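Trainee: Coordinates only, no sequence provided:
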Ligand SMILES: Nc1ncnc2c1ncn2[C@@H]1O[C@H](COP(=O)(O)OP(=O)(O)OP(=O)(O)O)[C@@H](O)[C@H]1O
């Protein structure tokens, strides 16, 4: 099998293994020597990775290994957390995310985020979908109706809500609320969606609906998904990155990570012995 090493030259001790193939595909996210901490706590250590455009990438690893901290750094959601500091580089869509000059509003339009628990805004279903469009002044009022329908159709929610667009979203089921949040993210045409355990609060049917949607939206959107479900990582992702104790321990094509893990920590984790 072709060796897909991108980083071993930077890790002569070979304590980690990165096999994500970036030689044949365009990279959307390039992270170099990333360190993150909160005060004295060093949470992410020297992470180097590259993610190919138009793929689904799962971030897996034991609790506390730094997956969420890493994910939130990609659209600068940690900025306001007390004691937060960072070093290194996160290059996304050819811009330096960690630069002081970056336009955070625009960054967050390009890089949407979906959380574990659906978080509809306290406004109507319709206004939820339009929230980003209005904030970014992306379309004239005359286009709103079409945008709402389009986004809700994309996530398969239109038929369920077309006659109650002015109602509160909080009467929708949990799965429907998550789909609504996805529709809100999609309306502003993001290039990347960051997903932090997006289906862990959903029933199996909703999980399937959301996962199917990810597959449909790729390759226009690149998905970076933190998941505790190894079955989900296997099912949906092209690439898998294994975090352990703040380090990116191993990464590569999903089938290779699961079938032929190189690092003992990865072997332990995927066989259910750490976690
Ligand atoms: N605001 C904070 N202040 C101090 N430490 C923090 C803060 N946020 C996270 N941490 C610490 O950073 C480490 C990584 O946490 P993080 O939530 O990124 O891990 P995770 O892999 O996503 O875990 P889980 O799978 O449980 O969600 C943990 O030790 C956590 O306690």
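Mentor: Happy to help now that I have it. What you are looking at is a predicted structure, and each value in this text was computed from that prediction instead of being measured.

Trainee: Show me the strands in the stretch 101-250 of the chain, by range?
Mentor: For the stretch 101-250 of the chain, applying DSSP state E, counting those that start in this stretch gives strands covering 111-114, 192-196, 222-226, 239-244, 247-253.

Trainee: Any chance of CSV for the ones you listed, columns mean neighbour count?
Mentor: The way it works is simple: take the backbone N, C-alpha and C, and place the C-beta from them, glycine included. Output for these, formatted as CSV (neighbours: other C-beta atoms under 10 Å):
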stretch, mean neighbour count
strand 111-114, 22
strand 192-196, 23
strand 222-226, 25
strand 239-244, 26
strand 247-253, 24
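
Trainee: will you turn those strands into a markdown table that also has mean pLDDT and distance to residue 233?
Mentor: Shown next, in a markdown table, are the strands of the stretch 101-250 of the chain (pLDDT from 0 to 100; distance: least, C-beta to C-beta, whole Å):
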| stretch | mean pLDDT | distance to residue 233 |
| --- | --- | --- |
| strand 111-114 | 94 | 16 |
| strand 192-196 | 96 | 12 |
| strand 222-226 | 97 | 8 |
| strand 239-244 | 97 | 5 |
| strand 247-253 | 95 | 12 |
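
Trainee: now for those, which one comes closest to residue 152?
Mentor: With C-beta to C-beta as the measure, strand 111-114 is the member of these nearest residue 152 (15.8 Å).

Trainee: Of the strands of the stretch 101-250 of the chain, which is nearest residue 64?
Mentor: Across these, residue 64 has its closest neighbour in strand 239-244 (9.7 Å, C-beta to C-beta).

Trainee: contact partners of that closest one?
Mentor: The contact list for strand 239-244 (C-beta atoms under 8 Å, 6 or more residues apart in numbering) reads 20, 49, 51-52, 55-62, 65-67, 70, 233, 248-254, 257-258, 261, 263, 265-266, 269.

Trainee: so where's the protein shaky on pLDDT?
Mentor: Residues of the chain meeting the criterion pLDDT under 70: 1-25, 273-275.

Trainee: What does residue 90 show for phi and psi?
Mentor: phi -120, psi 110 (degrees, to the nearest 10).

Trainee: Tell me the residues of the stretch 51-200 of the chain that contact the ligand?
Mentor: Residues of the stretch 51-200 of the chain lying close to the ligand by C-beta under 6 Å from any ligand atom are 61, 63, 64, 65, 66, 67, 68, 69, 81.

Trainee: try 8 Å
Mentor: The stretch 51-200 of the chain comes close to the ligand at residues 61-72, 78, 81-84, 196-197, as judged by C-beta under 8 Å from any ligand atom.
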